[in-house]
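1. Return atomic coordinates for the entry below.
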Amino acid sequence: MDLTTNYLGLKLKSPLVPSASPLSEDLDNIKRMEDAGAAAITLYSIFEEQIRMERYELHHALTQGTESYPEALSYFPDPTELFVGVEDYLKHIERSKAATSIPIFASLNGSTLGGWTEFAKQIEQAGADGLELNLYSIPTGMDQSGAEIEKQYVDVLRAVKAAVTIPVAVKLSPFFTNFANIAKQFDDAGANGLVLFNRFYQPDIELESLEVVPNVMYSTPMAMRLPMRWIAILFERIGGDLAATSGVHRGTDAIKMLMAGASVTMLCSCLLRHGIKHIRVVEQEMRDWMSEHEYSSVQQMKGSLSQKYCADPSSFERAQYIRAVGVHTLRG
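-> Numbers count the residues shown, from 1 in each chain. Below is the predicted model:
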């Protein structure tokens, strides 16, 4: 049975790719993911703010008290040359590449145009096979229009594509007025793939301490419905590959995403919940289902139930919603 698929110009042995998560911070975990059947691995995200803060803290520690001894000032390095957080991340890429034989993708979450391009170049030099741009920001400016925000995102992609030669995917949230349009903009700007969708971790209020606290919750299979719909709509309407993330827990979840049109299905919450060995479980469930339904390859099923090829294209749009509400009303 042929599980191979193509993603970002690379041939992968299967569509199962662990997405960016704390699991990939440990090199032993990365080796275990490969042993469990991972076709590629997306490393945890590095944040520009994190790097900037580490640089600031190191500079502060090095220069504290030096004003008392003017002759000592020139002894300390320029803070713009210090890349503590980046250095650790780059070494992790190098070690991961040396320890495995599968593609290693880096994940970058920047906040300024210069930061994106500067770090992207270093990531490429470290040997990453591809780069995932994690567009994770919460615009709160009341005078900033949606069009302005979209232009900033697309400008980031253009700048990164101009700075590196490795393939670049963009990980997006679904919160755009017309997602089909922004997908086309990224495609036109040269994105090699779109990763759908980024899950925003929503804050919670702790009533006892009266504090706003982070609230990290694992996804459930229900979360796959949104990316599945948009992957099905975008399949063969854009040139880049489509990666499904969020809600893929079982082999049948992965198969649904592939039939919608995904090139790869990314795993995170299921690995955090069940352990790295769950990759092998998902792969075996895929094989069992494909054998039972007489599918010989991933390519045979890819996009077969996308909007372009399914019997009822309106199933992914408003018409199906109206039908669903009508059926629920009748049953009630």
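
2. right, and the helix or strand after the worst-scoring helix or strand of the chain on mean pLDDT?
-> Least confident helix or strand, the chain: helix 48-63 with a mean of 49, by mean pLDDT, DSSP states H and E. Moving toward the C-terminus from helix 48-63, the next helix or strand (DSSP states H and E) is helix 84-99.

3. what comes up buried for that following helix?
-> Across helix 84-99, burial judged by 16 or more other Cβ atoms under 10 Å covers 85-86, 89-90, 92-93, 96-97. (Each C-beta comes from the backbone N, C-alpha and C, glycine too.)

4. Return the closest of the residues you listed with respect to L27.
-> L27 has its nearest neighbour among those in S96, at 6.5 Å by Cβ to Cβ.

5. dump the residue contacts of the closest one.
-> Residues near S96 by Cβ atoms under 8 Å, 6 or more residues apart in numbering: 24, 27, 30, 41, 43, 104.

6. how about the strands of this structure, start to end?
-> Listed in chain order, the strands of the chain (DSSP state E) span residues 5-7, 10-12, 16-18, 41-47, 104-109, 130-134, 168-172, 193-196, 204-206, 211-213, 241-244, 264-267.

7. closest to M224 out of those?
-> strand 241-244 (7.2 Å).

8. Q299 contacts M1, correct?
-> No: judged on Cβ atoms under 8 Å, Q299 makes no contact with M1 at a distance of 11.6 Å.

9. Of these two, which one has the most company?
-> Q299 (15 against 10; other Cβ atoms under 10 Å).

10. so what's the more buried one up against?
-> If you count contacts by Cβ under 8 Å, 6+ apart, Q299 has them with 2, 4-5.

11. if we go to 10 Å?
-> Going by Cβ atoms under 10 Å, 6 or more residues apart in numbering, Q299 touches 2-6, 258, 263.

12. Whichever of those residues end up buried, select them in PyMOL.
-> In PyMOL, a selection of the buried entries from these looks like this (16+ other Cβ under 10 Å):
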select buried, resi 3+5+258+263
